[in-house]
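In: Just a sequence and a predicted model for now, questions to come.
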Amino acid sequence: MNENHVIDTLNEFLQGQYMGIHAYEHLIARLEDDQVKQQFQMIQQNHKEHAMRVAERIQNLGGTPVDDEGIIGSIQGFMSQFTLPEATEDIIESAIKGESDYGIGMSEKIIRGDLDPESYQLIEQIFDEDRKHVEFLRNLLH
C-alpha cells in the first residue's frame, strides 16, 4: 500500500474531524440547557482527541497532518450557521444527523480499502466511539 495515499486518506478523514469539532462549537453556542451543553462539550472533546490521534498517525507515517477542515469544509460550516436549529431537541437531532450521516457515513466512504492495518484499526476505534455518540444523543431525546 502506498504510504502517501494512506496519508492523503487520513488527512481527508482528519478534515472531517475538524468539521465535526466546529459543528459542535456552533451547536453548543445555541444550547441553553446546561446539562445538554456539557454533554455536547464532552462529545466535542472526544472529537478533538480523535483528531489528535489521527494527526499523530499521519506524523508517524512521515506525513504532515492538516490543521483545519479545508476550504470546502469552511464554506459548508459557514453556511450551516444560518440554518442551525434553536430548540434543544432540534439541536440534538442535528447532532445525530451530523454524527451518523457525515461523521460515520461519509468517513466510511473516504477510508474504504485505502488504509494500512494499523491506520484502519485506529479509524475503526474512532467509528466505534462515534456510534456511541449517536446512541448517547438518541438517549438524550428520550
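Out: Thanks, I have the structure now.

In: I'd like the next helix or strand past the least confident helix or strand in the chain by mean pLDDT.
Out: Here the helix or strand of the chain ranked lowest by mean pLDDT, DSSP states H and E is helix 70-80, holding a mean of 52. Per DSSP states H and E, the first helix or strand lying C-terminal to helix 70-80 is helix 88-97.

In: ok now that next one, how far from the chain's centre?
Out: Averaging C-alpha positions (Cα atoms, centre = their mean, to the nearest Å) puts helix 88-97 15 Å from its chain's average.

In: Tell me the first helix or strand C-terminal of that helix.
Out: helix 107-111.

In: List the contacts of that next one.
Out: Residues from elsewhere that reach helix 107-111 (Cβ atoms under 8 Å, 6 or more residues apart in numbering): 9, 12-13, 16, 120, 123, 127. Heads up, the C-betas are built off the backbone N, CA and C, glycines and all.

In: Among the residues you listed, which ones are in helices?
Out: Within the contacts of helix 107-111, residues falling in helices by DSSP state H are 9, 12-13, 16, 120, 123, 127.

In: which of the residues you listed are the two that sit furthest away from each other?
Out: Greatest spacing in the ones in helices among the contacts of helix 107-111, by Cβ to Cβ: G16 and Y120 (16.0 Å).

In: what about those two, which has more around it?
Out: G16 (23 against 15; other Cβ atoms under 10 Å).

In: Tell me the pLDDT of that one.
Out: If you check G16, the pLDDT there is 88.

In: how close does the nearest residue to it once chain neighbours are set aside get to Q38?
Out: Excluding its sequence neighbours, the residue lying closest to G16 (Cβ to Cβ, 6 or more residues apart in numbering) is S107, at 5.4 Å. Look at S107 and Q38: by Cβ to Cβ, to the nearest Å, they are 26 Å apart.
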